[in-house]
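K.L.:
what's the 3D shape of this:
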Amino acid sequence: MGEVMKSNNVIYIATVIISIFVLVSIISIAFFTWPKADDVSLLLQINEKGIFQHIVKSYYSWDGRVISLGIVQSIFLKYLPVEIINIIWASCLILTAFVSLITFLRVLQVGRRLIFSDYIVGTAVISGVFWYGFKNHISDTVYWATGGVYVMALLLATIWLYLWIVIFSPKRRNSRIHIFLFCIYTVFVGALTQNLSCSLLVFMGIELIHSILAKDREAVNKSAILILLLVVGLLIIVIAPGNFIRSTYGRNSFALNFLTLFSNASNIVLYNVRQSVPLFILVIGSIPLMTVFYLYSSAKKIKRRIVVSLGNYDMKTTLKLTRFLFASIASVAPFIFVPDFVSPRGTIYFMAFLFFWIYFDLLPFCLKCIVEHISKRHIQRSYWPFIGIAVFLLGIFSFTSSHILRLRQIKAEVLKREKIIKSYANKGEDVIIYPIDKSKLPFSYTFSDITIDKQNWINQAVAKTYNLKSIRVESIP
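P.N.:
Numbering: from 1, shown residues only. This is a model prediction of the structure:
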């Protein structure tokens, strides 16, 4: 008996240690990043005009999101090194995983108080799912000083969903100040970015329909008010003159023809589905792991006999089980009108709401149907199933470690070249420099390098930063 207990403890401790390594490595990748593309040009604009004038100009000539995400982005670019900014964004990814974990546990009504190390393991598993599942856009949405606001917006929306699902949606008393603050927060979340707001609006629309079918007047009122507040936030960024100016850069923008819009919608959904394949594989693979984690956390076991009754599934149940799925699809709505702006980073919310659909709706529903309480007299927890979690996390850690090693080598080349460029600073000369070999870059950090065309906007931004007449590379490897 003592040997079994000892083995259990070793397995659990090893899993916790590996979990810590995974979380630390996801953040540590940021130490080996450098300024790229928009980081350079945006900082130039901010230094020239100041943060306030940059925000105003961008709102009127480029993008309405500048008054929400852009403020944070500008402050960070102005006052923080790129490495620290990317550490913050990577931390946002991990915090999103943590909030997702506690939402998952609260939806399942796990009453047992978990210890700190339990949360580390659960957060590491979901962080691993996000990190590799987001591989098609993570270099644009997490490890990029300019683009990391995407993952910050995801974190803020995930917190909003947690507050709604766990605190404000249930029939419980909330103080007026808490309700007021949540309403203000709702407007802010609605103003983060258009495709995220569309997902939240569809989610709340389904919540409203569910409340109407349930004849729950209080829930109907809550849902209607939040929909209105989300719309207010969305309008703040949508009516920005900059949106309409920027949309003209797309040749197919606002082609208001039914067949064209339908074709756009179909193609964009398919594009998002293809981009989401790595995430979907990771989510499906993580379900057994999180099931093990849930059984351990809640002191429950799988029933010996499982009976499924289709007669219990009505329209209300169907709505509850599909709310995040429809919210995911809704994230493509803005791109239907501006299809030229479709890009991998725009799929982050499509992917996130797919994850929420499985983890907040489907998996909890299935687990509630197949588990039962364990009598306190028969509780005997085994950590042997945690071996699967440890193996999964070791796999993620092997990837993150390899990314760190490769980026460390490439960053050394980038810094070496930057030192050469600096030697020409303020001399107003035409500089020809060698390119960086990007073939060895991992998926977590890709960048647009200086080109052979000195008129390219990246070349011009670098030349202006160092006060050069021009700069270009001699050849492309």
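
K.L.:
which stretches of the stretch 101-250 of the chain aren't confidently modelled?
P.N.:
For the stretch 101-250 of the chain, residues meeting the criterion pLDDT under 70 lie at 111-112.

K.L.:
Show me the helices in it, by range?
P.N.:
Ranges of helices within the stretch 101-250 of the chain are 116-133, 138-141, 149-162, 176-190, 194-213, 217-238, 241-247, based on DSSP state H, counting those that start in this stretch.

K.L.:
With respect to residue 292, which of those helices lies nearest?
P.N.:
Among the helices of the stretch 101-250 of the chain, the nearest to residue 292 by C-beta to C-beta is helix 116-133 (9.9 Å). All C-beta spots, glycine's among them, are computed from the backbone N, C-alpha and C.

K.L.:
Show me how far the closest one is from its chain's centre.
P.N.:
Centroid separation between helix 116-133 and its chain, computed with C-alpha atoms, centre = their mean, to the nearest Å, is 14 Å.

K.L.:
Remind me what it packs against, helices and strands.
P.N.:
Applying 3 or more C-beta pairs under 8 Å, 6 or more residues apart in numbering; DSSP states H and E, we find helix 116-133 packed against helix 2-28, helix 82-107, helix 277-298, helix 348-356, helix 386-422.

K.L.:
Residue 441: which of these is closest?
P.N.:
helix 386-422 (6.4 Å).

K.L.:
Could you pull out the buried residues of the next helix or strand along the chain from that closest one?
P.N.:
The helix or strand immediately downstream of helix 386-422 is strand 430-433, counting by DSSP states H and E. Residues of strand 430-433 classed as buried: 431, 433 (neighbour count, 16 or more other C-beta atoms under 10 Å).

K.L.:
Relative to residue 393, how far out is the nearest residue to residue 20 once chain neighbours are set aside?
P.N.:
Using C-beta to C-beta, 6 or more residues apart in numbering and skipping residues adjacent in sequence, the residue nearest residue 20 is residue 120, 6.3 Å away. Residue 120 sits 11 Å away from residue 393, going by C-beta to C-beta, to the nearest Å.

K.L.:
Of the helices of the stretch 101-250 of the chain, which stretch is the most buried?
P.N.:
Mean neighbours per residue, mean count of other C-beta atoms under 10 Å, is largest over those for helix 138-141, with a mean of 25.

K.L.:
now it, how far from the centre of its chain.
P.N.:
9 Å.

K.L.:
Show me the contact partners of it.
P.N.:
Helix 138-141 is touched from outside by 131, 134, 147-148, 150-151, 343-345, 348, 443-447, with contacts defined as C-beta atoms under 8 Å, 6 or more residues apart in numbering.

K.L.:
ok, now stretch 185-199?
P.N.:
Residues beyond stretch 185-199 that count as contacts (C-beta under 8 Å, 6+ apart) turn out to be 65, 67-69, 150, 153-154, 156-157, 160, 163, 200, 226, 229-234, 236-238, 327-328, 330-335, 346, 349-350, 353.

K.L.:
picking that back up, show me which pair in the contacts of helix 138-141 is furthest apart.
P.N.:
The span of the contacts of helix 138-141, defined through C-beta to C-beta, is set by 131 and 343 at 19.6 Å.

K.L.:
Tell me who's in contact with residue 245.
P.N.:
Contacts for residue 245 (C-beta under 8 Å, 6+ apart) come out as 61, 62.

K.L.:
what's the spacing between it and residue 62?
P.N.:
Separation of residue 245 from residue 62 (C-beta to C-beta) stands at 7 Å.

K.L.:
Surely residue 104 and residue 362 touch.
P.N.:
No - with contact defined as C-beta atoms under 8 Å, residue 104 does not count as touching residue 362 (11.4 Å).

K.L.:
Between these two, point out the one with more neighbours.
P.N.:
residue 104 (22 against 15; other C-beta atoms under 10 Å).

K.L.:
how about the nearest residue to the more buried one, chain neighbours excluded?
P.N.:
Going by C-beta to C-beta, 6+ apart, residue 104 has residue 359 as its nearest residue, at 5.2 Å.

K.L.:
related to what we said a few turns ago, list the residues that contact both of residue 120 and residue 393?
P.N.:
residue 19.

K.L.:
In contact with the residue nearest in space to the middle of the chain, which residues?
P.N.:
Nearest to the mean C-alpha position of the chain, by C-alpha atoms, centre = their mean, lies residue 151 at 4.1 Å. Taking C-beta under 8 Å, 6+ apart, we find residue 151 in contact with 89, 92, 93, 96, 141, 142, 348.

K.L.:
can you tell me which residues contact the closest residue to the fifth one other than its chain neighbours?
P.N.:
Closest residue in space to residue 141, ignoring its immediate chain neighbours: residue 150 at 4.0 Å, by C-beta to C-beta, 6+ apart. For residue 150, the contact set (C-beta under 8 Å, 6+ apart) comprises 140, 141, 142, 193, 345, 348.

K.L.:
Residue 350 versus the second one, what's the distance?
P.N.:
In this structure, residue 141 lies at 12 Å from residue 350, with C-beta to C-beta as the measure.

K.L.:
can you check the fourth one too?
P.N.:
When C-beta to C-beta is applied, the distance between residue 193 and residue 350 equals 13 Å.

K.L.:
Likewise for the first one?
P.N.:
Remark: distance between residue 140 and residue 350 (C-beta to C-beta) = 14 Å.
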